[in-house]
Structure formats: C-alpha cells, structure tokens
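Student: No sequence on hand, only this structure:
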Ligand code: ZN
C-alpha cells in the first residue's frame, strides 16, 4: 500500500472530524478508526459513522474494547459529568471526564492497523490549547508515542516505514478549528461533542465539551447547527 495511506482516529466529535477532513484534503486514503469502549455517550459512534461516510473514507472500523473494566472516568463509570464550569475552572487540574490512558490505547490500536495496512501515517485530532487538561493531548506525549511506535513495530525496525503521528490541530484554538472545519466543508450537523447527551442524543449545553464548542463557534462567528 502507498505511503499516502493513513489511519485516522475518529470519535465523531468536532476535532477528530476536522482532522479526518484535513487528512483527506491532503490526499491521504483514510482508514477511520472508532472505538466502542463502553462509553456512556454511545451516540458518538453514530456520529463517527455519519462523518466517515460524509468525508469519504476507504474503510471505517469500530474496535470493541471495554474500558469499563477499569472505570475511573465520568465517561466510563457512574460518575457525574461536571457542568457549568468556567474557563478558569476547566484550566485547573485533570477533570473526571479524562479516561485513563485512552489516547495511549487508541493510538496503539491505530498503530496495529497501520502496521497491517503498511501505512506510515496516523492522524489524531488532539488539541493542547482549548483542551480540558488531558495529559495525553500534549505534544510531549505524541512525540514519545511516535518514538515508541518506531521501536515497537516490525515495519519500524526493518526501516521500511517510519511511523508519523500527525496532530494538525494540536496548536489551534477551538475557534480556529471551527473556521478550518468550515473551510473544509465539514457538515457540523453530523458531529457530536457532548459528554452527557439526553436520550435523543441532543447535547446538554453545560458540560466542558459543550461549553468549549459553544465558545469556539461564538469566537469564529459561525452558527453551530447542533444546539438545543
Ligand atoms: Zn454537553
């Protein structure tokens, strides 16, 4: 397979959807990877499928893993999702919506698929600016993972492919991501960001993810079609 093949992590949220759209625009043939990891807000899996179909991927797979085995997060255990937090509150510490080792696990799966596909490129829509304080969204983590990936894989050791982890959104603010997504023609209606949607899958408008999304759209001067 060509070096223009990429595995793209896709949660169905704004960031990962924008990241996938960017990979496509750069000419990559994309293999989108989502996870049914026991998350409470499973509506995001439907969003991921819609986005993958809209952007046009070679293949979309949903890997089944169960992070409820360990819990420890408001997204995988019976812990309340924080609401109405101010930007300064969000900037302090690591919130309970952090899922222990999630991006390490997700990138490891992406790496396994990349190795099977003989793809050297992995895209992940992490963001270190307007993020919620997650340690596995930082550039230091991504660089360390990339180094590890090239030591851990058969293709890395044989020197046939050097794995590259692309993080095109890592230094962008939420408003910049919204503008970029609009430029790329992403249909915002297909995406889902909320940590605590209602039974119909509508966003709560009050969790960190909803508030960051709202702030991003407001600053970009673009109307978010996904509001209650
Ligand atoms: Zn929400």
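Tutor: Structure's in. What do you need? Keep in mind that this is a model prediction, so the values were computed, not measured. Numbering: from 1, shown residues only.
Student: C-alpha only now, for contacts and for neighbours.
Tutor: OK.
Student: would residue 89 count as being in a strand?
Tutor: No: if the criterion is DSSP: H, G, I helix; E, B strand; the rest coil, then residue 89 is helix and not within a strand.
Student: how close does it get to residue 182?
Tutor: Separation of residue 89 from residue 182 (CA to CA, to the nearest Å): 29 Å.
Student: Ok, residue 112 next?
Tutor: 32 Å.
Student: Just give the number of residues close to residue 53.
Tutor: 13 (other CA atoms under 10 Å).
Student: Buried residues in the helix ranked longest in the chain, which are they?
Tutor: Criterion DSSP state H: the longest helix present in the chain is helix 102-117. Buried residues in helix 102-117, counted by 16 or more other CA atoms under 10 Å: 103, 106, 107, 109, 110, 111, 113, 114, 115, 117.
Student: Local confidence estimate at the last one?
Tutor: Right, residue 117. Predicted confidence (pLDDT) at residue 117: the value is 94.
Student: what stretches of the protein score poorly on pLDDT?
Tutor: Applying pLDDT under 70 to the chain flags residues 1-3, 130-133, 228.
Student: who in it is up against the ion?
Tutor: Within the chain, the residues that sit near the ion (CA under 5 Å from the ion) are 194, 195, 196, 203, 204, 205, 207, 210.
Student: For residue 39, state which of these is nearest.
Tutor: residue 195 (9.5 Å; CA to CA).
Student: was I right about that closest one contacting residue 41?
Tutor: Yes: contact criterion CA atoms under 8 Å: residue 195 and residue 41 qualify, at 6.5 Å.
Student: okay, and the common contacts of those two?
Tutor: Common contact partners of residue 195 and residue 41 (CA atoms under 8 Å, 6 or more residues apart in numbering): residue 75.
Student: And these two? Which one has more around it.
Tutor: Legend: neighbour count by other CA under 10 Å for residue 195 and residue 41, higher for residue 195 (25 against 18).
Student: Residue 182: neighbouring residues, count only.
Tutor: Count around residue 182 with other CA under 10 Å applied: 15.
Student: and if you look at the one 10 residues further on?
Tutor: Residues lying near residue 192 (other CA under 10 Å) number 27.
Student: Could you do residue 222 as well?
Tutor: 14.
Student: Residue 203 now?
Tutor: The number of residues packed near residue 203 is 20, by other CA under 10 Å.
Student: For the closest residue to it other than its chain neighbours, give me its contacts.
Tutor: Spatially, and ignoring its direct neighbours in sequence, residue 203 is nearest to residue 197 (4.6 Å; CA to CA, 6 or more residues apart in numbering). Taking CA under 8 Å, 6+ apart, we find residue 197 in contact with 41, 203, 204.
Student: redo that, cut-off 10 Å
Tutor: 40, 41, 42, 43, 44, 203, 204, 205, 206, 207, 210 (CA atoms under 10 Å, 6 or more residues apart in numbering).
Student: repeat for residue 226
Tutor: Shown in contact with residue 226 (CA under 10 Å, 6+ apart): 188, 189, 190, 191, 192, 193, 202, 203, 205, 214.
Student: Next one: residue 93 from residue 207, what distance?
Tutor: Taking CA to CA, one finds residue 93 at 16 Å from residue 207.
Student: between the two, who's got more neighbours?
Tutor: Per other CA under 10 Å, whichever of residue 93 and residue 207 has more neighbours is residue 207, with 21 against 11.
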